[in-house]
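K.L.:
Sequence plus the predicted model coming up.
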Amino acid sequence: MSCHVLINAIEYINCAANIILGVIMIARLYVMYQKSRRVLIFLVVVFLAIRITIGVMIAIMVSRFVVEEHVLYGNYECAVSFRGGSLRALDYTAWMLLAAWEVLTLFLAVWVAVKHLRELRQRSSGGFITDCFTVLMKTHVVYFANFVALACIESIGYLSPKISASSYSTETQAYSGFSEIFMLTQMFILGPRLILSIREYHAELVAHSDAASAMTSIDFQERVCVS
């Protein structure tokens with residue numbers, strides 16, 4: 001497999017993974033806003049606009065990547081470099097659009113969570129809904145914190161002349177390693193946790209509900225026997 005095919009596959013896999021994460025986020029916000037059609041339409045329109053724009057940018061960058069294949073200590077390595085400031089500007093713009101989407105989803109999640117908490121305090125009830133929103137916000141905040149760390153690392157790469165100049169310097173290798181760690185963590189660990197955390201919480205509720213029903217049944221049988 002040539003380096004060009006490998007780099008193209010990686011780019012498009014990352015794009016597909018980010019689309020899946022976006023769909024998951026839209027579904028979560030749709031539920032948090034009590035299945036509001038307006039919110040759903042707004043999120044879908046914004047998401048499609050951002051993803052189509054980013055997709056076009058990625059297609060342009062992939063077609064103009066300069067990919068070099070090197071053999072270091074018997075291992076084949078692929079190095080990608082940007083020739084010209086236009087490709088780097090496209091890459092930076094794509095990251096800014098992605099960051100804008102993440103900030104928007106976090107803002108909407110925090111907004112509806114605060115709104116529901118205020119309503120529940122006024123009613124002085126709704127423990128289930130409060131706990132559910134707590135689970136939703138915890139996973140969302142952790143996910144966003146990882147994205148902020150990844151965005152900071154990417155910003156260092158864009159602004160640092162040493163990293164931009166050489167693909168094999170110590171700074172560049174360290175930067176690439178940290179960037180890949182945070183990126184993979186977001187896509188394949190924290191992303192799925194956005195769904196799995198809700199499933200685990202629902203399973204715990206079902207287990208507690210079954211246990212409570214069993215205790216009620218035992219108590220009822222004891223009363224019947226006594227009477």
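P.N.:
Right, received. Where do you want to start?
K.L.:
which parts of stretch 111-124 are buried?
P.N.:
Val112, Ala113, His116, Leu117 (16 or more other Cβ atoms under 10 Å). Any C-beta I mention is one placed from the backbone N, CA and C, and that applies to glycine too.
K.L.:
Tell me the gap between whichever helix or strand the first one is part of and the middle of its chain.
P.N.:
Right, the one you point to is Val112. Assigned by DSSP states H and E, Val112 belongs to helix 85-123. The gap between where helix 85-123 is centred and where its chain is centred comes out at 11 Å by Cα atoms, centre = their mean, to the nearest Å.
K.L.:
Which per-residue confidence value corresponds to Ala16?
P.N.:
Residue-level confidence at Ala16 comes out at 88, pLDDT.
K.L.:
For the helix holding Val112, name the packing helices and strands.
P.N.:
Under the contact criterion of 3 or more Cβ pairs under 8 Å, 6 or more residues apart in numbering; DSSP states H and E, helix 85-123 touches helix 3-32, helix 37-64, helix 127-159.
K.L.:
Let me have those helices in a markdown table, extended by distance to Ile181 and mean neighbour count.
P.N.:
Output for these, formatted as a markdown table (distance: least, Cβ to Cβ, whole Å; neighbours: other Cβ atoms under 10 Å):
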| stretch | distance to Ile181 | mean neighbour count |
| --- | --- | --- |
| helix 3-32 | 14 | 16 |
| helix 37-64 | 21 | 14 |
| helix 127-159 | 9 | 16 |
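K.L.:
of those helices, which approaches Glu77 most closely?
P.N.:
For the helices and strands packed on helix 85-123, proximity to Glu77 was assessed by Cβ to Cβ; helix 3-32 is nearest, at 8.7 Å.
K.L.:
How far off centre is the closest one?
P.N.:
For helix 3-32, the distance to the chain centre is 9 Å (Cα atoms, centre = their mean).
K.L.:
can the helices and strands packed on helix 85-123 go into a markdown table with extra columns for distance to Ile189?
P.N.:
As requested, the helices and strands packed on helix 85-123 are exported to a markdown table (distance: least, Cβ to Cβ, whole Å):
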| stretch | distance to Ile189 |
| --- | --- |
| helix 3-32 | 12 |
| helix 37-64 | 22 |
| helix 127-159 | 9 |
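K.L.:
Lowest average pLDDT across those?
P.N.:
What stands lowest among the helices and strands packed on helix 85-123, in mean pLDDT terms, is helix 127-159, with a mean of 77.
K.L.:
Check which helices and strands that helix sits against.
P.N.:
Packed next to helix 127-159, using 3+ Cβ pairs under 8 Å, 6+ apart, are helix 3-32, helix 85-123, helix 161-165, helix 170-185, helix 191-226.
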